[in-house]
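Colleague: take a look and give me a structure for this.
(2 chains)
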Number of protein chains: 2
Amino acid sequence: MKVHYECLTCIANQCKKIVEMATKDLEERRKAMFLAAKVIAREYHEDAIPAIAGSKVFLELYKFLGNDDPFREYKEKSTEIAKKVVSLLRNKLEIDIKTAIKLAIIGNIIDFSVGFSPEDLERQVEEMLKEDLYVDESDELIEKVREAEVILYLTDNVGEHYFDSILLEKIREISKAEIYIAGKEGPIINDVTVEDLRRDGFERFGKIISTGTRIVGIPFNEISEEFRKVLEKADVIIAKGQGNFETLSEIKDERVFFLLKAKCPAVARGLGVPQGALVCKRNI
Amino acid sequence: MKVHYECLTCIANQCKKIVEMATKDLEERRKAMFLAAKVIAREYHEDAIPAIAGSKVFLELYKFLGNDDPFREYKEKSTEIAKKVVSLLRNKLEIDIKTAIKLAIIGNIIDFSVGFSPEDLERQVEEMLKEDLYVDESDELIEKVREAEVILYLTDNVGEHYFDSILLEKIREISKAEIYIAGKEGPIINDVTVEDLRRDGFERFGKIISTGTRIVGIPFNEISEEFRKVLEKADVIIAKGQGNFETLSEIKDERVFFLLKAKCPAVARGLGVPQGALVCKRNI
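Modeller: A predicted model of the protein is given here:
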């Protein structure tokens, strides 16, 4: 998915939040925004993919600001709250694989780039449990998971990965596949890194692997050789969130299933669904 | 006042609204935003003044979109509502010159660049009438007006000019000065143009004069020779709104009084007042 008209302001607004999180110094913020304007003008063009353009801008800001993880606190807060909510859900609900898929999708609301406040998680989760998936190809996904020898699970946001652990558990129950769980090489916005996965014990589900890059999604020019090999051998690829959708929708690859909430108008338009729709959709 | 860190996103967000008002065609909007990104990168720099940088970006967008006045409807709506509210106020209130000054300041809330909805006017006006001016140098202003031989009144937004007419009336009651009322040469955002002033009969207050440019505020490199002459001979200059503040605060000129609501954090910071403050402040 290439950038839509809304992506310029989305990226710019995220830059503003980043500089506010990174420093209280108004002159530093100002200089950072001058840089942001230039990098945005360079990266926001006809062939740009929002996740990649945004990441490149943000990483230059991090460097300029001398702050390699302005989202540390936001991620800590998200984790704390998500842990609590997921624990509540495990106690309260009967969770079969279809419910687990839905919960993984619901977890995708924890997304800084659309301004999500972690404090609001429990309430929103309860609301969305009552909703149906707008696109529900989960039966197909489950079948593919059962058949698969190699499954690649692409995580997205911190906190959301606790919801992913519910689905990963279920996948292990129904499948004997070799499972790879991917995280970013290093911090970018509030995305899950391999460090997060290790710290939170995700080896209990499978092999933790880095995409090889900090760029959001699966940027084909930036991923590592190691990751590319896993990408090639996977029988099914579970792709969480908007960034993975934006990048993987650029290629013909029916192994991919997109699991996300279509939070912004551009992604909703790209998916052909209403804004806010919960989606489990094969990349066809 | 030079650009603050918040001005990048403010300008970008206004661009998005402009393209949405100008066309429903998503591809046109997209292309327009690519242009916006480039022009913003060119105009948003250390020495930029927000009103001027913004205007330059917007005028290039107008040209690209082939729409020379995307705000026509917004201005019509503002006028309709402001006319009604001002009429109600004239009936309801005892209006002395100090109240007229306050009302002129209150009228400054009609500002597209901060996302104001005209429908909300009456309610907000009533609230603000109960407030005091945060900076109140109106006694000094009144004295200068009484003494003046030439008064220059710089309008700002459409709809707000109906509130300005209340103050212009009072000025004519207490002063024998030659009065000039300035508007823009042509449409820019929702600013008052000389055409608006003529259409709404502002010659009853004085001489209508164009700044000579569509750029918001008083951009010294762009104003006409005719306007410059009036600017030079004025004894007191009543400068409405944020754009006039941003430009005129760049020069030492004690003839200038700023009358505005400090609606955005940058202007509030530039004035040294809390955001939302109502201000009548001499340019000292």
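
Colleague: tell me which residues touch A:H4, please.
Modeller: A:50, A:265-266, A:269-270, B:26, B:30 (CB atoms under 8 Å, 6 or more residues apart in numbering or on different chains). For glycine as for every other residue, the C-beta is placed from the backbone atoms N, C-alpha and C.

Colleague: just flag the most distant two among these.
Modeller: A:P50 and B:L26 (14.8 Å; CB to CB).

Colleague: the two: who's more crowded?
Modeller: Legend: neighbour count by other CB atoms under 10 Å in any protein chain shown for A:P50 and B:L26, higher for A:P50 (29 against 14).

Colleague: skipping adjacent residues, who's closest to that one in space?
Modeller: Leaving out its chain neighbours, the residue that sits closest to A:P50 by CB to CB, 6 or more residues apart in numbering or on different chains is A:C7, at 4.6 Å.

Colleague: so who does the one you found touch?
Modeller: A:44, A:48, A:50, A:53-54, A:266, B:33.

Colleague: would you turn those residues into TSV with pLDDT, secondary structure and distance to A:F220?
Modeller: Below are the contacts of A:C7 laid out as TSV (pLDDT from 0 to 100; DSSP: H, G, I helix; E, B strand; the rest coil; distance: CB to CB, whole Å):
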residue	pLDDT	secondary structure	distance to A:F220
A:Y44	98	coil	19
A:A48	98	coil	14
A:P50	98	helix	15
A:A53	98	helix	15
A:G54	98	helix	17
A:A266	98	helix	20
B:M33	98	helix	25
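
Colleague: quick one: which two of these are the most distant?
Modeller: Across the contacts of A:C7, no pair lies farther apart than A:G54 and B:M33, at 14.4 Å, counting by CB to CB.

Colleague: so who does A:K75 touch?
Modeller: Per CB under 8 Å, 6+ apart, neighbours of A:K75: A:158-159, A:190, A:196.

Colleague: spatially central residue in chain A, please.
Modeller: A:D156 (2.2 Å; CA atoms, centre = their mean).

Colleague: check contacts around it.
Modeller: Here A:D156 is in contact with A:108, A:111, A:191-192, A:240-244, A:260 (CB under 8 Å, 6+ apart).

Colleague: can the residues you listed go into JSON lines with extra columns for secondary structure, neighbour count and pLDDT?
Modeller: Shown next, in JSON lines, are the contacts of A:D156 (DSSP: H, G, I helix; E, B strand; the rest coil; neighbours: other CB atoms under 10 Å in any protein chain shown; pLDDT from 0 to 100):
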{"residue": "A:N108", "secondary structure": "helix", "neighbour count": "23", "pLDDT": "94"}
{"residue": "A:D111", "secondary structure": "coil", "neighbour count": "24", "pLDDT": "78"}
{"residue": "A:D191", "secondary structure": "strand", "neighbour count": "30", "pLDDT": "97"}
{"residue": "A:V192", "secondary structure": "coil", "neighbour count": "27", "pLDDT": "98"}
{"residue": "A:K240", "secondary structure": "strand", "neighbour count": "27", "pLDDT": "98"}
{"residue": "A:G241", "secondary structure": "helix", "neighbour count": "29", "pLDDT": "97"}
{"residue": "A:Q242", "secondary structure": "helix", "neighbour count": "29", "pLDDT": "97"}
{"residue": "A:G243", "secondary structure": "helix", "neighbour count": "31", "pLDDT": "98"}
{"residue": "A:N244", "secondary structure": "helix", "neighbour count": "25", "pLDDT": "98"}
{"residue": "A:L260", "secondary structure": "strand", "neighbour count": "27", "pLDDT": "98"}
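
Colleague: sorry, back to before: which of the contacts of A:H4 ranks first by neighbour count?
Modeller: Neighbour-wise, the contacts of A:H4 (other CB under 10 Å) top out at A:P50, 29 neighbours.

Colleague: re the thing from before, quick one, which of A:G54 and B:M33 is more surrounded?
Modeller: More neighbours surround A:G54 than the other of A:G54 and B:M33, with 29 against 25 (other CB under 10 Å).

Colleague: how about A:K102, nearest residue that isn't a chain neighbour?
Modeller: A:L133 (6.4 Å).

Colleague: hmm, A:K261 and that neighbour touching each other?
Modeller: No. Checked against CB atoms under 8 Å, the pair A:L133 and A:K261 is beyond contact range at 9.9 Å.

Colleague: and for the two, which residues touch both?
Modeller: Shared contacts of A:L133 and A:K261, defined by CB under 8 Å, 6+ apart, comprise A:105, A:278-279.

Colleague: which of these fall within strands?
Modeller: Using DSSP state E, the subset of these located in strands is A:278-279.

Colleague: top of the shared contacts of A:L133 and A:K261 by neighbour count?
Modeller: A:I105 (26 neighbours).

Colleague: and it, how close does it get to chain B?
Modeller: For A:I105, the distance to chain B equals 26 Å [CB to the nearest CB, to the nearest Å].

Colleague: swap in A:R30?
Modeller: 4 Å.

Colleague: measure the residue nearest to A:G107 when sequence neighbours are not counted to chain B for me?
Modeller: Spatial nearest neighbour of A:G107, excluding adjacent residues (CB to CB, 6+ apart): A:F163 at 2.6 Å. Separation of A:F163 from chain B (CB to the nearest CB): 31 Å.

Colleague: repeat for A:V194
Modeller: A:V194 is 32 Å from chain B, by CB to the nearest CB.

Colleague: tell me who's in contact with the residue nearest to A:K102.
Modeller: By CB under 8 Å, 6+ apart, A:L133 lies in contact with A:102, A:105, A:278-280.

Colleague: quick one: which of those residues is nearest to chain B?
Modeller: Distance ranking of those against chain B, using CB to the nearest CB, places A:V279 first at 20.8 Å.

Colleague: domain-wise, how is chain A divided?
Modeller: For chain A, the TED database gives the domain ranges A:5-65, A:73-282.

Colleague: closest to B:L152 out of those?
Modeller: If you check each of the domains of chain A against B:L152 by CB to CB, domain A:5-65 wins as the nearest, at 32.1 Å.

Colleague: end-to-end on that closest one?
Modeller: 28 Å (CA to CA, to the nearest Å).

Colleague: can I get stretch A:221-229 as PDB, trimmed to CA atoms?
Modeller: What follows is stretch A:221-229, C-alpha atoms only, in PDB (Å, rounded to 0.1, in the frame of the first residue of the first chain):
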ATOM      1  CA  ASN A 221      15.200  -3.900   0.900                       C
ATOM      2  CA  GLU A 222      16.100  -3.900   4.600                       C
ATOM      3  CA  ILE A 223      15.300  -7.300   6.000                       C
ATOM      4  CA  SER A 224      18.200  -9.600   6.900                       C
ATOM      5  CA  GLU A 225      19.300 -12.600   4.900                       C
ATOM      6  CA  GLU A 226      18.400 -14.800   7.900                       C
ATOM      7  CA  PHE A 227      14.900 -13.400   8.000                       C
ATOM      8  CA  ARG A 228      14.500 -13.600   4.200                       C
ATOM      9  CA  LYS A 229      15.200 -17.400   4.400                       C
END
